[in-house]
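# here's a sequence, model it:
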Amino acid sequence: MAESFAFGIADRVLGKLGSAIIQEVGLAWGVKSELEDLRDTSSAIRAVLLDAEEKQATNHQLRDWLGKLKDAFYDAEDIVDEFEYEALRRQVVALGSFKTKVRSFFSSPISSTAFNLKMGHRVKKIRERLDKIAADKSRFNLVESVANKPVVLSRREMTHSFVRASDVIGRDKEKENIVNFFKQSIDSENVSVIPIVGIGGVGKTTLAKLVYNDERVVDHFPTKMWVCVSDEFDVEKLLKKILKEKKPDENYSDFSMEQLQSHLRTELHGEKFLLVLDDVWNVDSEKWVKLKDLLMDGANGSKILVTTRKKSIASIMGSFPMQELKGLSKEDCLSIFVKCAFKDGEGKQYPNLLKIGEQIVQKCGGVPLAVRSLGSLLKTKKDERDWVAISENKIWKFEQDPDGIMAALRLSYYDLLHHLKHCLAFCSLLPKDCRIGNRDLINHWMAQGLIQAWGENATMEDIGETYINELLSRSFFQDGEEIIPGVVYNFKMHDLVHDLAMCFCTTGIFHTKFSEFFEKLNSRIRSISFQMNNVGPTSKSLVRACTKRFKCIRMLEFSESSFEALPNSIGSLKHLRYLTLSKNKRIKKLPNSICKLYHLQTLLLIRCSELEELPRGIGSMLSLRTLYMTTKQRDLSKKEKGLKCLNSLQDLTVYDCLNLEFLFEGMESLIGLRFLNIYNCPNLISLPPNIKFLTKLEVLAIGQCGKLDFMDGEAEGQEDIQSFGSLRTLWFYNLPQLEALPRWLLCGTTSSTLLHLLISNCPNIRALPEIGLQKFTHLQKLEIRDCPELVRRCNPEIGEDWQKIAHIPVIYLDEEKISSDN
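Take a look at the predicted model:
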């Protein structure tokens, strides 16, 4: 049953109505009383919504009432959004004026009487609509209640519990069986298949990983590949995934089927390999035979390990007998539960809770995912009543699954705060089994208004991180992998959690294949993703139709599309927060009207290899927080309202800009910038000197820039000690011209903030400076790769520079971990 999430939407509307900008707008534009009335009505309704949402499961009329409220609040949010948009528009006009900027833009002599009258009428109309719906609330005997605001936690440190893989319990026997099968060969075929079969959540993928990373298996197979198959068994897609595993640096996206099969057979010919096909659902034997035939050129003894829920699939694919994975024993389940529910040794202090825990474990049917979910739920609860409430909940009787897995997941879901429920439900729109990037997910949540900032110091990105951490800690997200420690990481949702999220996903957010007809869709939808078989829309007219029909849209995803230009009508989407055109290899120009998207927070133009330039007025996009771009420009600074005006920008990636020689002056104006990534700009000569004044910058990654040298432009001893101030992670990689670390790194305040330094494939850095890295008292991790002379000098046994780095806790030299005395 889909949840209404009416409380969350009402909460957002009230938050906006109470903001300083809306109150000033109301006063300046003569709609103050109408906005106050709307706020009072919304507040009165919100007070009973939490109780209503709890009771809706058993009351059809209440569900209908909540649905009407949800739609009305969405419309109210759109109206308030338009007030904010108009305020931003007038701010842009004021900032572009030669007159004094102290003058309030609200009192601008721009003719706005018609706008004020129209908006005042709309506010009154939506308030009357809400009043009419609210009049029925007395029929449901609802109780007023107040939701606790989620706590905004401090920023994450370099490491986090989600990256510490838990010990696998109770699968040693199954692992040994499979490892022994790996040593056996079948005379009739070089490549044999071993299927693992079991219900969802029982641990098939975990067992496959356990085997895959076993040292004996690593030594036995020179080539190992892991491919997640999931719902769609598309042979062409699978060939691309397998080849990508074999050669990660190659790009096979444009290969034909003939080219793919030829490359794969060549790559695997005579090689002894292990291929894991995880989460297979295909029952079409012809598709399997087609794929298998292309894998048969491997050396004798090659193996394919398959995980699936269906015995019929195992019988189609398997050469060896299927390995049927049963539920764990009660003892093993209890061990997992205790590990999740208590800190080390803490369980002994709560003997009564342990007894209740045994009853809960018994209901989980031996399924580890269910056990982990409930153990994680109860970790912060030490009151026996909370544990009894889980053990004796009626859901165990009503949920129609004998293994208890969905009942356990639902109980964990119901225990979430309301804002986390909405965020998790949104994740049902993501493809099953995909890896989810933390920053992209947060950008999606922000676009839908699911993250609200509280206080002056916490950004929406920080709050989004706390949301992800909470969902990770409760096992809704799993398999975390760090890319940039403490900053960039990804994770997955178990497909059963994905199914759970789909149960609660509400309408209003819609992803569609571009081949479907717009007239069948509700014009009020707020999110559209156009993609089918890795191909986006090719028609500019289709995009134009989309922008004209869906005026309330918050998110548009046109990734891998192939039209040459966006229509001017894109600028009419006043509510748009998230727009991606990434991987469009034909688009050449963006219309200037795109700069009217004053609410836009995320703009992704990465791998748009033919894009000639950014639009002139990009600096007008005052709300922009994330910008990833690929452009053919030589210089980014020659714009009337350029990048330096983007004061809200948090995350900037400059990627594959092959002609770029200069960034832009005035970078110090990006007062909120926290992440700067510059990659594969082979003609970039230098960075602007003022880059060091980015005081909020936390991550700086620069790579694959063949001509780049850090010319500080300052005489010795004149370095500004105020440079940076927040830098935590610094990566230099594939910079052949770089001969020394920049002085702003060695002499500024970075020495007291930097936690992680990576120097990779910078062969002309032959030694560390005399001052060494001793001043970097907080540096936790140093990695040096493919810098032969520097690695030699840092060797702990013979290196002249060893004492300069010996104080750093974690050191890697050419991927080898070096232990320091500390």
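
# please report how far Asn180 lies from Arg171.
Counting by CB to CB, to the nearest Å, the gap from Asn180 to Arg171 is 14 Å. For glycine as for every other residue, the C-beta is placed from the backbone atoms N, C-alpha and C.

# so those two - more neighbours on which side?
Counted by other CB atoms under 10 Å, Asn180 and Arg171 do not tie: Arg171 has more neighbours, with 18 against 9.

# that one against Thr205, yeah?
No: at 11.6 Å, Arg171 and Thr205 do not qualify as touching, with contact defined as CB atoms under 8 Å.

# how far off centre is stretch 170-177?
Relative to the centre of its chain, stretch 170-177 is centred 34 Å away, using CA atoms, centre = their mean, to the nearest Å.

# number the chain from 785, please
Let's use 785 as the start, then, which means that last one is stretch 954-961.

# flag every buried residue along that stretch.
Judged by neighbour count (16 or more other CB atoms under 10 Å), stretch 954-961 contains these buried residues: 954-955, 958-959.

# what of stretch 1037-1049?
Of the residues in stretch 1037-1049, those buried (16+ other CB under 10 Å) are 1039, 1044-1045, 1047-1048.

# what's the answer for stretch 1085-1099, then?
1085-1093, 1097-1098.

# and of the residues you listed, the nearest to Glu1176?
Arg1093 (30.2 Å; CB to CB).

# wait, what's in contact with the closest one?
The contact partners of Arg1093, by CB atoms under 8 Å, 6 or more residues apart in numbering, come to 981-984, 988, 1065.

# let's see that with 7 Å instead.
982-984 (CB atoms under 7 Å, 6 or more residues apart in numbering).

# next: Arg955.
So Arg955 contacts 987, 991, 994 (CB under 7 Å, 6+ apart).

# how about a cut-off of 10 Å?
962, 987, 990-991, 994-995, 1109, 1112, 1116, 1152 (CB atoms under 10 Å, 6 or more residues apart in numbering).

# likewise Met1413?
1366, 1387-1392, 1395, 1398, 1402, 1420, 1427, 1436-1441.

# next: Gln1385.
1227, 1230-1231, 1244, 1338, 1360-1363, 1405, 1407-1411, 1432, 1434.

# from Gln1558, how far off is it?
When Gln1385 is compared with Gln1558 (using CB to CB), they lie 42 Å apart.

# could you do Glu1600 as well?
23 Å.

# which of those two has more neighbours?
Legend: neighbour count by other CB under 10 Å for Glu1600 and Gln1558, higher for Gln1558 (14 against 9).

# look at the more buried one and tell me its secondary structure.
coil (DSSP: H, G, I helix; E, B strand; the rest coil).

# how near is it to His844?
For Gln1558 relative to His844 (CB to CB), the value is 70 Å.

# stretch 1026-1041 - what's its average pLDDT?
Taken as a whole, stretch 1026-1041 has an average pLDDT of 88.

# should've said stretch 822-842
88.

# just the ones of the contacts of Gln1385 in helices?
Among those, the ones falling in helices (DSSP state H) are 1227, 1230-1231, 1244.

# could these go into JSON lines alongside neighbour count?
Output for the ones in helices among the contacts of Gln1385, formatted as JSON lines (neighbours: other CB atoms under 10 Å):
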{"residue": "Asn1227", "neighbour count": "25"}
{"residue": "Met1230", "neighbour count": "23"}
{"residue": "Ala1231", "neighbour count": "25"}
{"residue": "Met1244", "neighbour count": "18"}
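
# same list (those) but as CSV, adding distance to Glu1584 and pLDDT.
CSV is the format used below for the ones in helices among the contacts of Gln1385 (distance: CB to CB, whole Å; pLDDT from 0 to 100):
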residue, distance to Glu1584, pLDDT
Asn1227, 46, 97
Met1230, 49, 96
Ala1231, 53, 95
Met1244, 48, 93
